[in-house]
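Novice: Everything below, folded, please.
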Amino acid sequence: MPGRRPQAKQGKRMSWPLIYYVLASEQFPAQQLVQYGVEAERAGFAGVWTSDHFQPWQANEGHSAPAWVTLAALTQRTSRIAFGTGVTCPIFRYRPAVVAQVWASLSLLAPGRAFLGVGTGEKLNEGAAGGGWGTYEERVSRLVEALTIIRALWTGKHVRIKGSFWDVDAKLYDPPASRIPIYVAAGGPKSARLAGIHGDGMITGASSLKTDPRIKAAWEGAAIGARVGSPTKPIIVEHWAVIGDEEEAREAAKKWRFLPKAWQPGFFDNVSPEEIQSRSDREIGLDEVLKDWTVSPEASDHIDAIQNLADLGATHVVVHVPTPHQSRAIDFFGREVLPLLKAA
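Specialist: Numbering: from 1, shown residues only. Modelled structure (predicted):
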């Protein structure tokens, strides 16, 4: 029932994660994303992230708004909400020094509010845009070097780093206003270990956290072993939600059909959104997509889903609503869900 107050499970202390909202650059143009970010702040969300893509995953998603432009605009239209990317790949089409410079400026425009989500990327973006591509091992090596460069430049000191991939001899004349956390994306144990060693937090999907306990174990073990984190460091989880019935969800799922196989060959390493869409239509049923989504018009079901993620260790839940009615979804969470979580 919509007005039910969340209850702690027996024997457990209630600990609610921060709730963020996804601004899906694949599905909406930049001007709409900025407006949805403004509405998300007004509704009471703690933060937003936007996907950082050169192309949409599937051609029928229809858009590819530049994430950095969206975030810069949000600094001027909002005053409280945290913001960042989910996620930026700083190793091929972007140089790490340029990423460092951009995020430093975002921090100056909105002190204390910016975060940087990073990952090893998809050929869909990196290769298609002419930035190149590489094996997982190369991408990991590039990411580690990129994070070293970014953090060094953020100090505002002169940086001389001659690495395996970049030769940096420079300084940022406008360093960040405050510390910017870096969250590393992980879909499996190897990437989770990378996040634990080099990240200030880990980004993962709800289905990954639910079905593969090795991810959290690898993250915690690496963070403690590297002495750069602990199990209490942020675990940021993307959670798919539809405020409506199955018919509405199935229609939305047609634009996100690739999801169950996103990280399999033929998908993330494919430069063509048209081919990804065609292959998804042939190989993936809508029921397979929907099994990981919370589909309900009832606030209590969405609260329960968030509590389940909190029980698994999520400290931040990033709500991704794939339907076209974004303002309606944001308003629903603002009226029916967020007030009850805050009260609890």
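
Novice: What is the least confident helix or strand in the protein?
Specialist: One helix or strand of the chain scores below all others by mean pLDDT, DSSP states H and E: helix 213-226, with a mean of 86.

Novice: tell me what it is packed against?
Specialist: helix 189-198, helix 206-211 (3 or more Cβ pairs under 8 Å, 6 or more residues apart in numbering; DSSP states H and E). In this view, the C-beta of every residue, glycine as well, is placed from N, C-alpha and C.

Novice: Spell out the residue ranges of the helices in this structure.
Specialist: 30-43, 67-77, 96-109, 123-126, 136-154, 189-198, 206-211, 213-226, 246-253, 273-283, 286-290, 299-311, 326-332, 338-343 (DSSP state H).

Novice: between the third one and helix 67-77, how big is the angle?
Specialist: On the basis of axes from the mean of the first three to the mean of the last three Cα atoms, to 10 degrees, helix 96-109 is oriented at 10 degrees to helix 67-77.

Novice: Then the longest one?
Specialist: Between the axes of helix 136-154 and helix 67-77, defined by the same axes, to 10 degrees, the angle is 40 degrees.

Novice: so where's the protein uncertain?
Specialist: 1-14, 225-232 (pLDDT under 70).

Novice: Count the neighbours of residue 282 for me.
Specialist: Residues near residue 282, counting by other Cβ atoms under 10 Å, number 8.

Novice: and what of residue 233?
Specialist: 20.

Novice: is it true that it touches residue 198?
Specialist: No: Residue 233 is beyond contact range of residue 198, at 12.0 Å (criterion: Cβ atoms under 8 Å).

Novice: Can I get the least confident helix or strand of the chain as CSV, trimmed to CA atoms?
Specialist: Provided in CSV are the C-alpha atoms of helix 213-226 (Å, rounded to 0.1, in the frame of the first residue of the first chain):
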residue,chain,number,x,y,z
PRO,A,213,28.3,-12.6,-4.0
ARG,A,214,31.9,-12.8,-5.3
ILE,A,215,31.6,-9.1,-6.4
LYS,A,216,31.1,-7.7,-3.0
ALA,A,217,33.6,-10.1,-1.5
ALA,A,218,36.3,-9.1,-4.0
TRP,A,219,35.5,-5.4,-3.5
GLU,A,220,35.8,-5.7,0.3
GLY,A,221,38.9,-7.8,0.3
ALA,A,222,40.8,-5.6,-2.1
ALA,A,223,39.7,-2.4,-0.4
ILE,A,224,40.9,-3.6,3.0
GLY,A,225,44.1,-5.1,1.7
ALA,A,226,45.0,-1.9,-0.2
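
Novice: buried set for it?
Specialist: Buried residues in helix 213-226, counted by 16 or more other Cβ atoms under 10 Å: 215-216, 218-223.

Novice: And the contacts of it?
Specialist: 186-190, 192-198, 202, 204, 208-209, 229-231, 233, 235, 312-313 (Cβ atoms under 8 Å, 6 or more residues apart in numbering).
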